[in-house]
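Q: sequence below, structure please.
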Amino acid sequence: MELASLAKSRYTTKSYDATRKIPQASIDTLLDQLRLSPSSVNSQPWHFVVAADEQGKARIAKGAQDGFAYNEAKILNASHVIVLCTRTEMTEAHLHAVLDQEDLDGRFQNAEARAGQDKTRRGYVDMHRYDQKDVQHWMEKQTYLALGTLLLGAASLGLDATPMEGFDFKKLDEELGLRAQGFTSLVIVSLGYRSETDFNATLPKSRLAAESVFTFL
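A: Below you'll find the model as predicted:
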């Protein structure tokens with residue numbers, strides 16, 4: 001299916017069929033797409049927590065209680081749930097890990113090319129860390145790029161998805177031990193197959209008209 005058709009057909013699922021599970025082959029494909037998401041200077045400041053069984057989903061659902069209880073069923077009834085997490089700081093260990101992986105994947109013809117890539121990436125990190133002082137927001141932006149990849153990737157596989165910011169970040173971070181690992185939760189995405197009772201499935205997609213969102217120079 002063409003990307004434009006996928007964009008028109010996908011929507012935010014409000015209710016899941018708890019009896020249907022996503023085939024493992026589809027999950028493997030989707031996770032590979034997610035891992036290959038783009039990021040500024042290939043910084044990849046993310047981590048993804050995947051829940052595939054009732055116990056795992058229940059742990060994630062602990063973040064959707066009290067004031068966020070409206071999202072609990074979307075987590076518990078979905079086939080799979082992914083928590084998109086962002087680094088709490090851009091560490092030396094991470095910068096070295098990314099550079100070493102690029103080297104292992106054959107991106108550098110020589111030591112000078114490796115050093116140049118390292119210098120460029122560090123330049124952007126330092127600009128956001130010291131000059132613009134928004135390094136956390138910058139890293140979160142990269143994670144949102146991965147979110148876009150995930151949503152469109154799910155649609156390409158015939159899967160329904162629900163991105164959610166409505167949850168208790170602190171509670172979920174604590175439940176999953178994220179901050180001790182240098183991460184914090186950003187978005188929860190439920191994946192699966194829509195329920196026949198999902199009201200949003202039958203509503204027409206609504207977006208602002210092209211003439212109000214595009215300026216052609």
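Q: going forward, measure contacts between C-alpha atoms and count neighbours the same way
A: Will do.
Q: top helix in the chain by residue count?
A: Of all the elements of type helix in the chain, the one with the most residues (DSSP state H) is helix 135-156.
Q: show me what that helix is packed up against.
A: Packing contacts for helix 135-156, counted by 3 or more CA pairs under 8 Å, 6 or more residues apart in numbering; DSSP states H and E, involve helix 3-9, helix 24-35, strand 46-51, strand 80-87, strand 160-164.
Q: can I get these in TSV with mean pLDDT, distance to G182 and mean neighbour count?
A: Formatted as TSV, the helices and strands packed on helix 135-156 follow (pLDDT from 0 to 100; distance: least, CA to CA, whole Å; neighbours: other CA atoms under 10 Å):
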stretch	mean pLDDT	distance to G182	mean neighbour count
helix 3-9	92	34	12
helix 24-35	98	19	15
strand 46-51	98	10	18
strand 80-87	98	6	24
strand 160-164	98	22	22
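Q: make a markdown table from the ones you listed and add distance to L152 to it.
A: Formatted as a markdown table, these follow (distance: least, CA to CA, whole Å):
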| stretch | distance to L152 |
| --- | --- |
| helix 3-9 | 7 |
| helix 24-35 | 10 |
| strand 46-51 | 17 |
| strand 80-87 | 15 |
| strand 160-164 | 9 |
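Q: which of the ones you listed sits closest to D66?
A: strand 160-164 (15.4 Å; CA to CA).
Q: for the closest one, name the packing helices and strands.
A: For strand 160-164, the elements it packs on are helix 135-156, strand 183-192, judged by 3+ CA pairs under 8 Å, 6+ apart.
Q: can I get the CA coordinates of the longest one in CSV?
A: The C-alpha atoms that make up helix 135-156 are tabulated as CSV, following Å, rounded to 0.1, in the frame of the first residue of the first chain:
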residue,chain,number,x,y,z
VAL,A,135,19.4,18.8,25.3
GLN,A,136,16.6,16.9,27.0
HIS,A,137,14.0,18.4,24.6
TRP,A,138,16.3,17.7,21.7
MET,A,139,16.6,14.0,22.6
GLU,A,140,12.8,13.8,23.1
LYS,A,141,12.3,15.2,19.6
GLN,A,142,14.4,12.3,18.2
THR,A,143,12.2,9.8,20.1
TYR,A,144,9.1,11.4,18.6
LEU,A,145,10.7,10.7,15.1
ALA,A,146,10.8,7.1,16.2
LEU,A,147,7.1,7.3,17.2
GLY,A,148,6.2,8.4,13.7
THR,A,149,8.1,5.5,12.3
LEU,A,150,6.3,3.1,14.6
LEU,A,151,2.8,4.4,13.8
LEU,A,152,3.3,4.3,10.0
GLY,A,153,5.1,1.0,10.3
ALA,A,154,2.2,-0.5,12.2
ALA,A,155,-0.3,0.7,9.6
SER,A,156,1.9,-0.9,6.9
